[in-house]
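*Asks:* need a structure here:
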Amino acid sequence: MGGTAQMSIREGGRPLGRYEDVGMPDGTLPVRVMMRRTGRESIGCDFHWHEELEFYYVAQGGVLLLCGGRRQWVRAGEAGFVNWCQLHRGVEFLENTCHYIIQISPRLFAEETILPPGAKAPCSYLSFLIAQGNRAPLPFSDAPALTGALRELIRLWETDGPAARLERKAAVWNLLAALANGLIAEAGEGGAPDAAADLLSLAHVRSLLLFLSSSYQEPELVALPALSRRFGLSVPYLCRIFRQHTGMTIVSYLQELRCAQAAALIQEGTSLRRAAELSGFQDYNYFSRIFKKHTGRSPLSLTKEGRS
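*Replies:* Coordinates of the predicted model:
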């Protein structure tokens, strides 16, 4: 694809599947709590990933999350969890939705350890989370300790008092403990991670994600043999570690990125065939099938004609 097409994507579309550098307002307590009000007409966020742990708590309505290749509604009173470097986006909202997003930097617990069942020695909290990969339940509908910890953290963030900062710190650690206990209960015996192997494979996946997010519209660059040559890793190994850490295949991830880009371009007025081409699809009929598979609607439905 030539330079003109590349420029039109970057000028007209939004960067998709991107790494998000989350800025924390307080370096000594690297936690951010945000409240969002949305409705059926609200546009979800782009496909992205970051190093911060992210929790969703829905106070009213519902949020459809795409996380690790799974689509799941998180409804009022429920919580969702997005693991470290896990691909995700909010896709759809119920009317009059009020939800909270809590992000916690791994810097906060970088030195903390945990002793999973069956482990001979403690491992780092972060390594334990990485080993869980995509196993965390979404939503946490049957985890009262975790949803309770989230509600308390939100309450403290919205109130002030003489010991507010200490109380907020305690609430964050209580939430991290509730998360660990919930994941240990899910993992059972054998939940101890191979920390070195997980960190190495995650480093490979992070590099792969960054490359795919900038090159997904170039089919010849993102074919599996080309990726294998570029990263010096075998195709089976690349596929295995990508699925381990994202819950998706490389092909499915590329399709998600391309469909999201095509949807953005169509909504901006780009013709259907041109949007498919700029998003990396070489055949329009194939694009139409894949788009409907991933979004549940046809590309035409996003045009003015399709909406009328």
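*Asks:* I'd like the mean pLDDT over the helix or strand hosting Ala145, please.
*Replies:* Using DSSP states H and E, Ala145 sits in helix 144-157. Averaging pLDDT along helix 144-157 gives 93.
*Asks:* Output the helix or strand just after that helix as CSV - backbone C-alpha positions only.
*Replies:* Sequence order places helix 164-187 as the next helix or strand after helix 144-157, per DSSP H and E. Extracted in CSV, the C-alpha atoms of helix 164-187 (Å, rounded to 0.1, in the frame of the first residue of the first chain):
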residue,chain,number,x,y,z
ALA,A,164,-9.0,10.3,53.4
ARG,A,165,-5.6,9.6,51.8
LEU,A,166,-4.8,6.8,54.3
GLU,A,167,-8.3,5.4,53.8
ARG,A,168,-7.9,5.4,50.0
LYS,A,169,-4.5,3.7,50.2
ALA,A,170,-6.0,1.0,52.4
ALA,A,171,-9.0,0.6,50.0
VAL,A,172,-6.6,0.0,47.1
TRP,A,173,-4.7,-2.7,48.9
ASN,A,174,-7.9,-4.3,50.0
LEU,A,175,-9.0,-4.4,46.4
LEU,A,176,-5.7,-6.0,45.2
ALA,A,177,-6.0,-8.6,48.0
ALA,A,178,-9.6,-9.4,47.0
LEU,A,179,-8.5,-9.7,43.4
ALA,A,180,-5.7,-12.1,44.3
ASN,A,181,-8.0,-14.2,46.5
GLY,A,182,-10.6,-14.4,43.7
LEU,A,183,-8.1,-15.4,41.1
ILE,A,184,-6.5,-18.0,43.4
ALA,A,185,-10.0,-19.5,44.0
GLU,A,186,-10.4,-19.7,40.2
ALA,A,187,-6.9,-21.1,39.5
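*Asks:* Which strands or helices does helix 164-187 pack on?
*Replies:* Where contact means 3 or more C-beta pairs under 8 Å, 6 or more residues apart in numbering; DSSP states H and E, helix 164-187 is packed against strand 97-104, helix 125-132, helix 144-157. Backbone N, C-alpha and C define where each C-beta goes, glycine included.
*Asks:* If you count neighbours, what's buried in the last one?
*Replies:* Judged by neighbour count (16 or more other C-beta atoms under 10 Å), helix 144-157 contains these buried residues: Ala145, Leu146, Thr147, Ala149, Leu150, Arg151, Glu152, Leu153, Ile154, Leu156, Trp157.
*Asks:* For that helix, which outside residues touch it?
*Replies:* Identification of contacts with helix 144-157 by C-beta atoms under 8 Å, 6 or more residues apart in numbering yields 33, 55, 57, 77-79, 100, 102, 140, 164, 167-168, 171-172, 174-175, 177-179, 181-182.
*Asks:* now the helices and strands packed on helix 164-187 in CSV, with distance to Leu64?
*Replies:* Converted to CSV, the helices and strands packed on helix 164-187 look like this (distance: least, C-beta to C-beta, whole Å):
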stretch, distance to Leu64
strand 97-104, 10
helix 125-132, 23
helix 144-157, 19
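*Asks:* With respect to Glu111, which of those lies nearest?
*Replies:* Among the helices and strands packed on helix 164-187, the nearest to Glu111 by C-beta to C-beta is helix 125-132 (8.8 Å).
*Asks:* about what we covered before: ChimeraX command to pick out the buried ones of the contacts of helix 144-157?
*Replies:* Buried subset of the contacts of helix 144-157, written as a ChimeraX selection, criterion 16+ other C-beta under 10 Å:
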select :33,55,57,78,79,100,102,140,167,168,171,172,174,175,177,178,179,182
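*Asks:* Looking at the buried residues of helix 144-157, which is nearest Gln261?
*Replies:* Using C-beta to C-beta, Leu150 is the member of those that lies nearest Gln261, at 33.0 Å.
*Asks:* Backbone dihedrals for the spatially closest residue to that closest one that is not a sequence neighbour, both of them.
*Replies:* Once flanking residues are discounted, Leu150 sits nearest to Tyr57: 4.5 Å by C-beta to C-beta, 6 or more residues apart in numbering. Per-residue torsions, Tyr57: phi -130, psi 120 (degrees, to the nearest 10).
*Asks:* Who is Tyr57 paired with across the strands?
*Replies:* Ala79, Tyr100 (DSSP bridges).
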